[in-house]
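Visitor: Build the 3D model from these lines:
(4 chains)
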2 protein chains.
Amino acid sequence: MGLGVTVKDVAKAAGVSVASVSRALNGHKNMAEDTRARILGVAAGMRYMPNDAARSLITRRTHTIGTILPDLHGEFFSELIRGIDLAARARGLHLLVSSSHGDADEAAAALRSMQGRVDGLLIMSPHADAGLLHANLPDSLPAVLMNASGGQSRYPTLSIDNHGGALAMTRHLIACGHRRIAFIAGPAGNLDGDERLRGYHAGLAEAGLTHEAMVFAGEFTEESGHAAGHELIRRTPRPDAVFAANDMMAIGCLFALRERNLVIPTDIAIAGFDDIPIARYVTPPLTTVRVRIAELGRSALTRLVAEMEAPGSSSESPQLLPCEIVVRTSCGQYFGPYNRSKSSNRFPIAAPINMPGRET
Amino acid sequence: MGLGVTVKDVAKAAGVSVASVSRALNGHKNMAEDTRARILGVAAGMRYMPNDAARSLITRRTHTIGTILPDLHGEFFSELIRGIDLAARARGLHLLVSSSHGDADEAAAALRSMQGRVDGLLIMSPHADAGLLHANLPDSLPAVLMNASGGQSRYPTLSIDNHGGALAMTRHLIACGHRRIAFIAGPAGNLDGDERLRGYHAGLAEAGLTHEAMVFAGEFTEESGHAAGHELIRRTPRPDAVFAANDMMAIGCLFALRERNLVIPTDIAIAGFDDIPIARYVTPPLTTVRVRIAELGRSALTRLVAEMEAPGSSSESPQLLPCEIVVRTSCGQYFGPYNRSKSSNRFPIAAPINMPGRET
DNA sequence: GCGCATGATGTAAACGTTTACATCCCTGCA
DNA sequence: TGCAGGGATGTAAACGTTTACATCATGCGC
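Guide: Predicted coordinates for the structure are as follows:
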């Protein structure tokens, strides 16, 4: 039972018309309270569940929002979905996900296949340029872009404040006394990576250290960080700090330096970007830039809902989400004025054993 | 444009009836090939997209499957979704997710709200007992349970082979020469944790070490592992190995032991369960049991599709997914006959610095 | 007591598909 | 030439809702 019970069956059982049943269910005004109560009782008794397809057909609302995501792994993906899901559920919206899009064609297919199933779309895709979007989406479907090269598109855009985060970290490293700060970049053309690089350069420029800029190629992978690490210690004079465009490269670099028996942070400091969970557990714990991924998801959904209710409502695009410096021990001690996260160690991590050069 | 174009508009533009348009789109037989081509051309030209709600209404198929998940974090969640999504997309199915269900009421609400939106359900929830499922799901809706206490339910069930994995790890520890093996358990009543505990006991029993069993309470959290670590080293004689029911507890324990300046694995060995990404990056890298989460998702979806096509097709429930021992360095050297993962270190990790007691 | 506003309820159209059935036309065979 | 058969196409019903509009009863002011 439960399936196959229609509004008509309920109407018959309750001795009213289908319209009354519908009104009772949707909480319309202008109904006798006792009638409503009776209908609701009968409906519950029959375990009636409205057919959403029929409802959507007439109301033109699916109460579902779709997400188009690239081939993401790990914490980033789950936190993003988590933030979106929480915000969506709070509004009674369902979540249709389509992830793992490796190329533009797959992303386009996903876009098209969501037609008519969703009231709005949350899109994060390196391939989602204005052309692709226009070709595969009806103009009437609200959408919000995440971490896209905003501005050029007619869609609202939300991004991590990559530039601001990298700038803050560069300042922090300088404040810690480092001067020769190397940077391990992201893959060419990657938006996040490019912004972080810009922030690094801005930080150096501020301190009059432009001539010290030292950029190594990277691919956001542990391997590329490892390779960059081996390369950068051959430089003379050696850099006294490394800032990697993401945590995985910082960790790869960390291992490379340890292979050469360099002591971190005494011999050389390391900083990353993202604050992935692993960052807290390597030896020594990694100083990094935290990005609130769940918050990005939550904000994007909020923005999308606003867009759905009043298209073109807020056009102050792109919106930036702030980052936060998380100071651990991989960059040496620092007690200056920058924003430090109180919660950077939710749990007291043991001091790395046999690690010289650290004060208590 | 693109929205608002209906089959009727296409029919008019192509000079045929709506039935012909429908037939052309759905690849029916008994159609003149040229007519079909013409209709398809017109439809594409008008950027026609069929309305899924209307289609679902009449066909009673949504081509969507729903997932009900508990409040999961991190890698586990993303890998699971990833496996499901890949398998679903391959079959042209959409994915409706509902995660973060903290209690039974939320799970029940999620179950009900998916009515009529999905053709089948993938459920992982500690609250999803037979009663809850029966009360909130129509009998006609196919569903597959993941990691539930199988057998008692009329739904097909898939689970990680927790018992087998824990047994294999216990054997491995014994084969490494350890005798006094402590176990840090999961939260009381947790199915996975209980099965792992059973596997531990079975392993000890096999080796005639039942009297050495030593179980400490844990909550699957780093904190509880840390606490258990401090507790277990006060025992005399001290355990020579610790097997934690999951990696986070193993890591908490690892830090506790390092705080006491114990050398791992010389003084005491540590093993975990799950192979979370962090496991490879702690010092020393953690030996653990790998569970193929994405594979679990993929299998569950495959099973669900089978169930949708032929209800009650395969009742050999519950189905177990094998685990795999991943040998790193936290348990000492071992070259015996157990199944070792070749890929346990996708990338050469540097030897932990200043870590005595390890051979090359 | 009469008309009228108001509130409760019923009737039926509409949403955009799919598909059973009817119709038409063409081919092949007697 | 006539007729059966069958392939192509059209007609219209059905899916389960919501909602504009019609209807009906009730109470109120005069």
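
Visitor: Closest to the centroid, which residue in chain A?
Guide: Compute the mean C-alpha point of chain A, and by CA atoms, centre = their mean the closest residue is A:Ile293, 3.8 Å away.

Visitor: wait, that one sits on A:Gly74?
Guide: No: under the criterion of CB atoms under 8 Å, A:Ile293 makes no contact with A:Gly74, lying 10.7 Å away. In short, each C-beta sits where N, CA and C put it, glycine included.

Visitor: Need the contact partners of the host helix or strand of A:Arg298.
Guide: Under the criterion of DSSP states H and E, A:Arg298 resides in helix A:293-309. Under the contact criterion CB atoms under 8 Å, 6 or more residues apart in numbering or on different chains, helix A:293-309 has outside partners A:65, A:75-76, A:79-88, A:91, A:93, A:119-122, A:142-144, A:146-147, A:156, A:158, A:160, A:313-314, A:319, A:321.

Visitor: What count of nearby residues applies to whichever residue of the stretch 151-300 of chain A sits closest to DNA strand D?
Guide: Going by CB to the nearest atom of the strand, DNA strand D is nearest to A:Pro156 of the stretch 151-300 of chain A, at 27.1 Å. Residues lying near A:Pro156 (other CB atoms under 10 Å in any protein chain shown) number 24.

Visitor: right, and it touches A:Gln319 too?
Guide: Yes: between A:Pro156 and A:Gln319 a contact is recorded at 7.4 Å, counting by CB under 8 Å.

Visitor: Distance of the nearest residue to A:Gly297 once chain neighbours are set aside relative to B:Ala110?
Guide: Distances taken as CB to CB, 6 or more residues apart in numbering or on different chains place A:Gly83 nearest to A:Gly297, at 2.9 Å, with adjacent residues excluded. Using CB to CB, to the nearest Å, A:Gly83 is found at 17 Å from B:Ala110.

Visitor: what does A:Tyr200 give?
Guide: Separation of A:Tyr200 from B:Ala110 (CB to CB): 44 Å.

Visitor: helix or strand for the residue nearest to A:Gly297, which one?
Guide: Secondary structure (DSSP H and E) places A:Gly83 in helix A:74-90.

Visitor: Go through that helix and flag the buried ones.
Guide: Neighbour-count burial for helix A:74-90 flags A:74-89 (criterion: 16 or more other CB atoms under 10 Å in any protein chain shown).

Visitor: And that helix, what does it pack against?
Guide: With contacts taken as 3 or more CB pairs under 8 Å, 6 or more residues apart in numbering or on different chains; DSSP states H and E, helix A:74-90 sits against strand A:64-70, strand A:94-101, helix A:293-309, helix B:74-90, strand B:94-101.

Visitor: In which helix or strand does the spatially closest residue to A:Ala213 that is not a sequence neighbour reside?
Guide: In this structure, A:Ala213 finds its nearest non-sequential neighbour in A:Leu204, 5.5 Å apart by CB to CB, 6+ apart. Using DSSP H and E, A:Leu204 falls within helix A:191-206.

Visitor: May I have the strands that pair with the next helix or strand after that helix, each with its orientation?
Guide: Once helix A:191-206 ends, the next helix or strand along the chain (criterion: DSSP H and E) is strand A:214-216. When sheet partners are counted by DSSP bridges, strand A:214-216 sits next to strand A:181-184 (parallel).

Visitor: Hmm, A:Leu257 is touching A:Ile264, no?
Guide: Yes: if you go by CB under 8 Å, A:Leu257 and A:Ile264 touch, sitting 6.2 Å apart.

Visitor: where does the stretch 151-300 of chain A have low pLDDT?
Guide: A:151-152 (pLDDT under 70).

Visitor: Test my guess that A:Val242 contacts A:Ala182.
Guide: Yes: here A:Val242 lies in contact with A:Ala182, judged by CB under 8 Å, at a distance of 4.8 Å.

Visitor: Identify the contacts common to these two.
Guide: Shared contacts of A:Val242 and A:Ala182, defined by CB under 8 Å, 6+ apart, comprise A:Leu232.

Visitor: Phi first, then psi, for A:Val282.
Guide: Backbone geometry at A:Val282, expressed as degrees, to the nearest 10, gives phi -80, psi 170.

Visitor: same thing with A:Ala166?
Guide: For A:Ala166, the backbone dihedrals (degrees, to the nearest 10) come out as phi -70, psi -40.

Visitor: Surely it touches A:Gly272?
Guide: No: checked against CB under 8 Å, the pair A:Ala166 and A:Gly272 is beyond contact range at 11.0 Å.

Visitor: Now A:Gly332: closest residue in space that isn't a chain neighbour?
Guide: Nearest to A:Gly332 is A:Pro265, by CB to CB, 6+ apart, at 4.2 Å.

Visitor: what's the neighbour count on the one you found?
Guide: Considering only other CB under 10 Å, A:Pro265 is surrounded by 24 other residues.

Visitor: My reading is that it lies in a helix. Confirm?
Guide: No: judged by DSSP: H, G, I helix; E, B strand; the rest coil, A:Pro265 forms no part of a helix; its state is coil.
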